[in-house]
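K.L.:
Structure for this input, please:
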Amino acid sequence: MPSSGSPEVKVITGWRALAVYGERRVLVMLLLGFAAGLPFLLIFDTLSVWLRQSGVSLQSISVFALATLSYALKFIWAPVIDRVRLPLLDRLLGRRRSWMLLMQLIIMFGLWMIAGSDPDLSLLRVALLAAFVGFAGATQDIVIDAWRIEAVDESRSGAMAAAYQWGYRIAMIVAGAVPLFLAQAFSWNFSYAVMAGLMSIGMLGALLAPREISVRPFVSLVADLPSKPVTECLEWLVRLMIILLAALLMGSGLTGNAVMLQEALLFVGGSAEAGDQLVSVWRSSPAGIYLQVAGVLAGLGLLALACLPVPGRPTRPGIHLKRAYGEPLANFFGRFGAQLGGLILALICVYRLSDFVLNLMGPFYVDLGFSLGQIAEVRKIFGVLALVVGVAMGGYCVARFGVIKTMLFGVFASPFSNLVFIWLATRGADVLSLYAAITIDNLATGFAGTALIAYMSSLTSAGFTATQYALFSSLYALLGKLVASQSGRVVESAARSADAGGPLSVLMPMFADLPAGTLTNGAQLAGVSPAALGAGYTTFFLYSVAIGLLAIALAFRVAARQSELERVSGN
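P.N.:
Okay, the predicted model is just below:
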C-alpha cells in the first residue's frame, strides 16, 4: 500500500512469512505478471524472426525495436492513469482494474490483427500494430504496478513483487519459444493468434483481483477559470508538441536508437546524410552513450518546460499539466524533504549499478572456454531457476523483516556476489564451477531485484502511485547505461597495464596454472597474455564491487534518515 506519510513498519513472523505466497492477491499477481511479460517479446524479438523469414532486411527489422519505446517512456502518460476514470468500467471494476482490462483487450486485439497480417504485403501495418501493442503493454504495466502497490500492505509488497517477476519470467519464456514451435508446426499467423488468446490469462487475473485500497479523489482547480476554447486549444497544441519532442529525445536516449530523431530531422528539412551521421554517432561508443544520456536529460528539461504555467497568467492547460506532473514530485519531496528525497533518488540510481556493469558476461564465459551449449544450459535454464529462488527469498525477507532491512540486505547482495566470478576465472571451463557461480549470482540478483521493487513501491503515495512508480522504474537504469558503456575498456586497459608490468601485474600469478585454452582466444584478440586478461577481468569485477560500495553507503544513510523521519512522525 502506498504511504500517506511515514507508515509503521509491519512484519510477519515465522511460517506466516511464507504463507503470504498462497494468498489470493499474490496468486492474482502471478497471472498479471504473465500478462505484463507476454507482449514485450512478441512485438520485437519474436516478431523479428517472423520478419526475417519473410525476407525483411535487417535495417528494417532494427526499426521495429522502436515498438518497445513506450516501455521506456511510460512515465510520461502515467498521470493520465492516476487521474482519469473510465466510464462504466470504473464503476464496475474500480480505477485500476478497469484500465487493466481495457489494455488487455487492446493487446489481445492488436496481437490478433498481427496474426491476420502478412509482412510481405503490409510491413507498415505490422509496424503500426506492433507500436500499438507496445503502447497498450506499457500502459498495462503502469496500471499493474499501481494495483500491486495499492492492493496490499507493506509486509506483502515483497511477495507481490516476487509473484510479478515469476509471472513475467514465465511469459518471457513462453513468448520467446512457443511461437517459434507453433510457427514451425503450423504458421506464424496461427502462433500469434494463440498468443492473443493467452492474454485471457491476464484478463482472468484482472477480474479475480480485489479492488485496490488506496484511491485519491480527483479535485478540480480550474472550475473558477473562464473557459477560452480557442486559446486553450492552441496552448494545448504547443505544450503537447514540446512533450512530443521531449518524448522523442528521452526515448532515443533510453533505447540507444536515434532512428526517430533521424526521421524528425528529415521531416524539418535536414539532409539524409546528416540523418545517417546522427544515427552513426548516436550508436558509437563511448561518445554515443554520452549523447544518449544528454538526450534523456534534455527531454526531461523540455518536459518540465511544457508543464510550467504561463507567467502571471494561469490557464487551464498550465494548471492541469502542473498538477499532473508537478504534484507527484511535490508530494514525494514534501514527505521526505529535498535532501533525503535527493538521496533516495540517488540510491535508486546506484542500487543495481553493480549488476548493470556486468554486460560482458557472455564474452567472459566464451573467453574461459565454455561452449555455447554449456552457457545456454547453465545460464538460461538453471540460472532462471536460481533467479526464481532468489526472488522468493527477497519476498520472504520483506514479509519477515520489513522493506528497509531487506533493502539493506539486497544492497550487499549484488556487488559481493560478483566476487565469485574472480574465482570462476581461475577455474577455467569447469562446468561445476560455472553452476556454482551462476547459482550465487542469480540468487543475489533475484533477491536484490525484489528488494528494490519493494522499496520503490514503499516510496509511492496514495493518488500518485502510477506516476511515481513509473518514474522510478523508467529512470533508475539511466546511470547504469552510462557506466556500463565503459566495461570493455576497463577490462582491456587493466589487462594491458598488467601485461606491461604495471601495478595490476600482481594479479597475474592467480592465473599462472590455467587449464589449456582458458582465456587464450580472448587474450589474442586483446593482444595480451592469458594471465594478463585474467588480471583484467579480476580488476573489472573488483571495480563492480567498488561501485557497489557507494550504493551500500547511500543505503545506510537513507535507512537511518528514513527511520529517524518515521520516529519523528510517530511522535
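K.L.:
Please parse this structure into its domains.
P.N.:
1-212, 229-314, 336-571 (automatic domain parsing).
K.L.:
Put together JSON lines for these, with distance to residue 329 and mean neighbour count on each row.
P.N.:
To be clear about C-beta, it is placed using only N, CA and C from the backbone, and glycine gets the same treatment. As requested, the domains of the chain are exported to JSON lines (distance: least, C-beta to C-beta, whole Å; neighbours: other C-beta atoms under 10 Å):
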{"stretch": "domain 1-212", "distance to residue 329": "11", "mean neighbour count": "20"}
{"stretch": "domain 229-314", "distance to residue 329": "10", "mean neighbour count": "16"}
{"stretch": "domain 336-571", "distance to residue 329": "8", "mean neighbour count": "20"}
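K.L.:
These into TSV, with extra columns for mean pLDDT?
P.N.:
Converted to TSV, these look like this (pLDDT from 0 to 100):
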stretch	mean pLDDT
domain 1-212	83
domain 229-314	81
domain 336-571	86
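K.L.:
of all the ones you listed, which lies closest to residue 321?
P.N.:
domain 229-314 (4.3 Å; C-beta to C-beta).
K.L.:
What separates the first and last residues of that closest one, distance-wise?
P.N.:
15 Å (C-alpha to C-alpha, to the nearest Å).
K.L.:
helices or strands up against the top helix by length along the chain?
P.N.:
The longest helix of the chain (DSSP state H) is helix 530-570. Judged by 3 or more C-beta pairs under 8 Å, 6 or more residues apart in numbering; DSSP states H and E, the packing partners of helix 530-570 are helix 327-350, helix 353-356, helix 361-368, helix 403-417, helix 420-427, helix 487-499, helix 520-526.
K.L.:
if we look at whichever strand or helix holds residue 293, which residues are touching it?
P.N.:
Element membership for residue 293 (DSSP states H and E) is helix 287-307. Residues from elsewhere that reach helix 287-307 (C-beta atoms under 8 Å, 6 or more residues apart in numbering): 76, 239-240, 242-243, 245-254, 256, 281-282, 318, 321-322, 324-326, 475, 478, 481-482, 485.
K.L.:
Tell me which of those fall in helices.
P.N.:
Using DSSP H, those in helices are 239-240, 242-243, 245-254, 281-282, 318, 321, 475, 478, 481-482.
K.L.:
Check the gap between residue 202 and residue 346 for me.
P.N.:
35 Å (C-beta to C-beta, to the nearest Å).
K.L.:
hmm, back to that, next one: the helix holding residue 293 to chain centre, how far?
P.N.:
How far helix 287-307 lies from its chain's middle: 18 Å, per C-alpha atoms, centre = their mean, to the nearest Å.
K.L.:
Restrict it to CA atoms and write it as PDB.
P.N.:
Coordinates of each C-alpha in helix 287-307 appear next as PDB, following Å, rounded to 0.1, in the frame of the first residue of the first chain:
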ATOM      1  CA  ALA A 287      30.600   9.200 -27.400                       C
ATOM      2  CA  GLY A 288      27.100   7.900 -28.300                       C
ATOM      3  CA  ILE A 289      26.400   6.900 -24.700                       C
ATOM      4  CA  TYR A 290      27.100  10.400 -23.600                       C
ATOM      5  CA  LEU A 291      24.800  11.700 -26.300                       C
ATOM      6  CA  GLN A 292      22.100   9.300 -25.200                       C
ATOM      7  CA  VAL A 293      22.300  10.400 -21.600                       C
ATOM      8  CA  ALA A 294      22.300  14.100 -22.700                       C
ATOM      9  CA  GLY A 295      19.200  13.300 -24.800                       C
ATOM     10  CA  VAL A 296      17.400  11.900 -21.800                       C
ATOM     11  CA  LEU A 297      18.300  14.900 -19.600                       C
ATOM     12  CA  ALA A 298      17.300  17.400 -22.400                       C
ATOM     13  CA  GLY A 299      14.000  15.600 -22.700                       C
ATOM     14  CA  LEU A 300      13.300  15.900 -19.000                       C
ATOM     15  CA  GLY A 301      14.100  19.600 -19.200                       C
ATOM     16  CA  LEU A 302      11.600  20.000 -22.100                       C
ATOM     17  CA  LEU A 303       9.000  18.000 -20.200                       C
ATOM     18  CA  ALA A 304       9.400  20.400 -17.200                       C
ATOM     19  CA  LEU A 305       9.200  23.400 -19.600                       C
ATOM     20  CA  ALA A 306       5.900  22.000 -21.100                       C
ATOM     21  CA  CYS A 307       4.400  21.800 -17.600                       C
END
